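> make a model of this:
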Amino acid sequence: MFDALERALALISLLRRVLARIAAKDPDLARQIRKAASSIPLNLAEGRERVGRDRAHHYRIALGSTAEVAAALAVAERWGYVEAEDLAEALVAIDRVRAMLWRLTR
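Residues are numbered from 1 along each chain as shown. A predicted model of the protein is given here:
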């Protein structure tokens with residue numbers, strides 16, 4: 001089992017309800033969050049099968065996508081599409097995935 005991948009997949013489950021609310025107000029932002037969130041486990045899975053710098057490259061992409069999701073959720077909150085409490089659980093999961101990815105890239 002690859003814990004970082006499992007946690008990234010769990011993050012997607014946490015984002016489903018929030019994304020539905022964001023999509024109702026801003027479909028483009030929801031689409032961007034969906035793409036960035038999907039990029040996290042996809043790059044983790046691909047990186048896991050690579051070696052050397054290529055592996056680290058995929059982990060760095062996943063880390064960047066994690067930052068993008070966090071920023072996009074902050075934008076959605078600031079626009080009033082969702083409330084901070086709606087994002088709390090997802091943001092905790094993002095921080096955990098981000099920490100794991102940081103360690104994988106170092």
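> so who does residue 100 touch?
Contacts of residue 100 were listed using C-beta atoms under 8 Å, 6 or more residues apart in numbering, and they are 3, 4, 7. Any C-beta I mention is one placed from the backbone N, CA and C, and that applies to glycine too.
> which parts of stretch 37-46 are buried?
Buried positions in stretch 37-46, judged by neighbour count with 16 or more other C-beta atoms under 10 Å: 37, 39, 40, 41, 42, 43, 44, 45, 46.
> same thing with stretch 5-14?
5, 7, 8, 11, 12, 14.
> name the helix or strand for the residue nearest to residue 46 when sequence neighbours are not counted, please.
Leaving aside its chain neighbours, residue 46 sits nearest to residue 58 (5.1 Å; criterion: C-beta to C-beta, 6 or more residues apart in numbering). Per DSSP states H and E: residue 58 is located in helix 52-78.
> quick check: next helix or strand after that helix?
The helix or strand immediately downstream of helix 52-78 is helix 84-105, counting by DSSP H and E.
> circling back: format the buried residues of stretch 5-14 as CSV; extra columns: secondary structure.
As requested, the buried residues of stretch 5-14 are arranged in CSV below (DSSP: H, G, I helix; E, B strand; the rest coil):
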residue, secondary structure
5, helix
7, helix
8, helix
11, helix
12, helix
14, helix
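> for those residues, give me CSV that also has distance to residue 97.
Formatted as CSV, the buried residues of stretch 5-14 follow (distance: C-beta to C-beta, whole Å):
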residue, distance to residue 97
5, 10
7, 5
8, 5
11, 6
12, 11
14, 11
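> about what we covered before: where does the residue nearest to residue 46 land on pLDDT?
In this model, residue 58 is scored at 96, pLDDT.
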